[in-house]
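# Sequence plus the predicted model coming up.
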Amino acid sequence: MNKALANVAAFSVLTVSLSGCSLFYTDHSSDYQNTKATSNKLELPQGALEQKDIMVIPNEEVIADVTEVTPFTIPRSPFVFYPMAAVSYVETENSVEFSIPANAQQSKRIISDYLSSVHGEGEVIASQTETTLVTTQLSLKKQGKLAAIWSSITRLYPEKTVLSLEFSEGEQSTKVAIQFRHEKRGEEPTDWMSPASNTEVHSIIARLWGNIGRKVDESSAYLSTLDKTTDFPIWINHNGEYGIRLGNDVTDDVVESKILSAGLYLMANSESTLSPVPEEKVARVGDVIDFVVPVGNGETKKLFNVYRRDLDDVEWQEREYTYQVQRQKKGDFLVIDVSAAKYPEIVSFILAQRFIN
C-alpha cells in the first residue's frame, strides 16, 4: 500500500512540474495583443532638438528609385588611359620605321612578346641575330576547318605572312625597320614590302606601336613618377584605343583648336563630329553618285546616277567620325569613335599620328 501511495505522489509531482505555474497563476503571455500604445507625449526641456521617430537610411538620396522601371544595362567601368613613351613612326617606300626610346635588347624583347601573342602556340621567331629578327609564317587570316580540308584536297594553300625586322641601336633610342612578304606553299615568295601597303599587316603594326609605347613607359616608371604626366599627347587604354590628352579642365574652344591644328575638319551640321576632309567632300548615305562599270584596261564607263545606299565602299578619309571628351583623373582626353570603319585599328592609329607634333 505504501508503495502505491508513493507512485501516486511521484506522478502528482511530475504532473505539477510539467504543467508549470499555470495551475496557480494567470497566463498573461497573450496580453500584448490587446494592449494599446500609450498616448503620453514626451516633454522635452527648452532648447532641445525636436525628436523624430523615423528610420534613417544612409545615402538615401543616391539610392535608385525601385518604383521606376528602366531598361537593364550592363554596368561598365570607365575607360582609363595610360601614358605612352614617345615612339616615332615613319613610312618609307619599302618599310615602316619605329624609333624606340630603349636599347635594342629591350626593344627586341617587347616586339617578340607581342608577335608571340599574335602567332599563338609555337615558336614565332624563325631566325635572329643581334640586329635582325625574322618571324615564322603568320596566318593573319584565320582558316576554318572546312577551308583547311579543301586546301588539303585541292593543294591550294592559303597565303602566309613573314615579317622581317632590322634593329639599329643609337645613343638614346633604337631604330626598327619592319618589312613583310607573302609566302605560299609551292610558289616563290614575294618581294619585301612596306606593311603600310597591306591592311592586315598594317593593323598589326598599328597595335604594335601602342604596345611598344605602353611597355617602354611601364619599364621606365618608378613609384615617384607614377602620378606625373608625360609630354607625349597619345595615351592608350586596355582595349588598345588611343586617346589624345588635351590637358586639365579644357574648354570647348581648346578642343576645337586641337582638332583643327591636327589638320582635321569640324562638321557644321553635326555636333561633335570631325572628318579628315572638308564637309563638302564627306560621303553620306543618300548622295547622288555615278554608277560605273569596268570596260577593260583599267578603265570604267558611267551608265547613270544612283543614290548612295550605304558607306561600305567609302574610303576611311571620306567618312565622318564622332568624338567626345572624357574627363579623368589624369586629365581630359579626346576620344574619336572609329568603330564604323572597316579597319578601326588603322584609322585610330593614323588619326592619332596627326596629334603628334
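Noted; the coordinates are in hand.
# Arg354 is in contact with Lys258, correct?
No. Between Lys258 and Arg354 there is no contact under C-beta atoms under 8 Å: 10.2 Å. (Each C-beta comes from the backbone N, C-alpha and C, glycine too.)
# more neighbours, the two?
Between Lys258 and Arg354, counted using other C-beta atoms under 10 Å, the more crowded position is Lys258 (17 against 13).
# So His182 lies in a strand, does it not?
Yes. Assigned with DSSP: H, G, I helix; E, B strand; the rest coil, His182 falls within a strand.
# and it, how far is that from Ile350?
23 Å (C-beta to C-beta, to the nearest Å).
# residues touching Thr135, list them.
By C-beta atoms under 8 Å, 6 or more residues apart in numbering, the residues touching Thr135 are 115, 119, 124-126, 162-164.
# Go again with 7 Å.
Applying C-beta atoms under 7 Å, 6 or more residues apart in numbering to Thr135 gives the contacts 115, 124-126, 162-163.
# Using pLDDT, spot the least trustworthy of those residues.
Among the contacts of Thr135, Val124 carries the weakest pLDDT, at 84.
# wait, that one sits on Ser117?
No. Applying C-beta atoms under 7 Å, one finds Val124 not in contact with Ser117, separated by 9.0 Å.
# the more surrounded of the two?
Comparing Val124 with Ser117 by other C-beta under 10 Å, the one with more neighbours is Val124, at 19 against 10.
# the domain parsing of this structure - what is it?
77-232, 233-357 (automatic domain parsing).
# any chance of the ones you listed in JSON lines, plus distance to Met55?
Formatted as JSON lines, the domains of the chain follow (distance: least, C-beta to C-beta, whole Å):
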{"stretch": "domain 77-232", "distance to Met55": "33"}
{"stretch": "domain 233-357", "distance to Met55": "36"}
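# Against Ile356, how distant is Ala177?
Computed as C-beta to C-beta, the Ala177 to Ile356 distance reads 20 Å.
# Mind checking which of these two has more residues around it?
Of the pair Ala177 and Ile356, Ala177 is the one with more neighbours under other C-beta under 10 Å, namely 18 against 14.
# contacting residues around the more buried one?
Residues counted as contacts of Ala177 (C-beta under 7 Å, 6+ apart) are 95, 97, 166.
# And His202, by the same measure?
195-196, 346.
# Restrict the stretch of helix or strand Val134 belongs to to CA atoms and write it as PDB.
Using DSSP states H and E, the element containing Val134 is strand 132-135. The C-alpha trace of strand 132-135 is given here as PDB (Å, rounded to 0.1, in the frame of the first residue of the first chain):
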ATOM      1  CA  THR A 132      67.800  41.300 -87.200                       C
ATOM      2  CA  LEU A 133      64.700  39.200 -86.500                       C
ATOM      3  CA  VAL A 134      62.600  37.100 -89.000                       C
ATOM      4  CA  THR A 135      59.400  35.500 -87.900                       C
END
